[in-house]
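>>> Okay, here's the prediction I keep looking at, along with the sequence it came from:
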Amino acid sequence: MRAVICILGLLLLSGVRLPLTAAESDAEAAARLRHEITELIGDARCQNLVNCRVMGLGASPCGGPEEYVAYSIWRTRRDDLETKVDAYTFLREEAVRAQGKPGSCEALPVPNAACVNLRCVVVPAGR
């Protein structure tokens, strides 16, 4: 419980809006945060692979992220992105817990990042 309070405090201090009113549900807040993450990443421009990274996003029923996103360290402020991703992941973890059913238990392998046509993209592991 103490960890949840600390995380919420840090998120609020960093400017992340969580659903503080009954008007915005957790699902709506998660959708809004996912959109904000997409906007932060933008077009993920890169000159070469050195500019690209991947980050886990969301929460799967068996642990780990539900997806990975590619972003450019050249164009995206990592601290801002991590703050939004942490808030989004927190909301998704709560949603998964509330569902109570495990669903599919496939762990996603950590993909690679690549610079393709001057944009950072996610490339499945092993390619």
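Sure thing, it's come through.
>>> drop to CA atoms for contacts and neighbour counts, all remaining ones
Will do.
>>> Does V121 belong to a helix, a strand or coil?
State at V121, reduced to three classes by DSSP: H, G, I helix; E, B strand; the rest coil: strand.
>>> my guess is it meets A114, correct?
Yes - counting by CA atoms under 8 Å, A114 is a contact partner of V121 at 5.4 Å.
>>> tell me, what's touching the two both at once?
C52 (CA atoms under 8 Å, 6 or more residues apart in numbering).
>>> Compare neighbour counts for these two and give me the winner.
Neighbours were counted for V121 and for A114 using other CA atoms under 10 Å; V121 has more, 26 against 22.
>>> give me every residue that touches the more buried one.
Each residue near V121 by CA under 8 Å, 6+ apart is listed here: C52, V69, A70, Y71, A113, A114, C115.
>>> Next one: the first one relative to R75, how far apart?
Same thing as C52. 10 Å (CA to CA, to the nearest Å).
>>> so what sits against both of those two?
Both C52 and R75 are contacted by A44, under the criterion CA under 8 Å, 6+ apart.
>>> more neighbours, these two?
C52 (25 against 16).
>>> That one touches T76, doesn't it?
No - using CA under 8 Å, C52 is not in contact with T76, being 10.0 Å away.
>>> ok, V85 - contacts?
Contacts of V85 (CA under 8 Å, 6+ apart): L33, I37, L57, G58.
>>> Show me those residues that map onto strands.
With strands taken from DSSP state E, the overlap with the contacts of V85 comprises L57.
>>> got the contacts of V85 as a markdown table, with neighbour count and pLDDT columns?
What follows is these, written out as a markdown table (neighbours: other CA atoms under 10 Å; pLDDT from 0 to 100):
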| residue | neighbour count | pLDDT |
| --- | --- | --- |
| L33 | 22 | 97 |
| I37 | 20 | 98 |
| L57 | 21 | 96 |
| G58 | 22 | 93 |
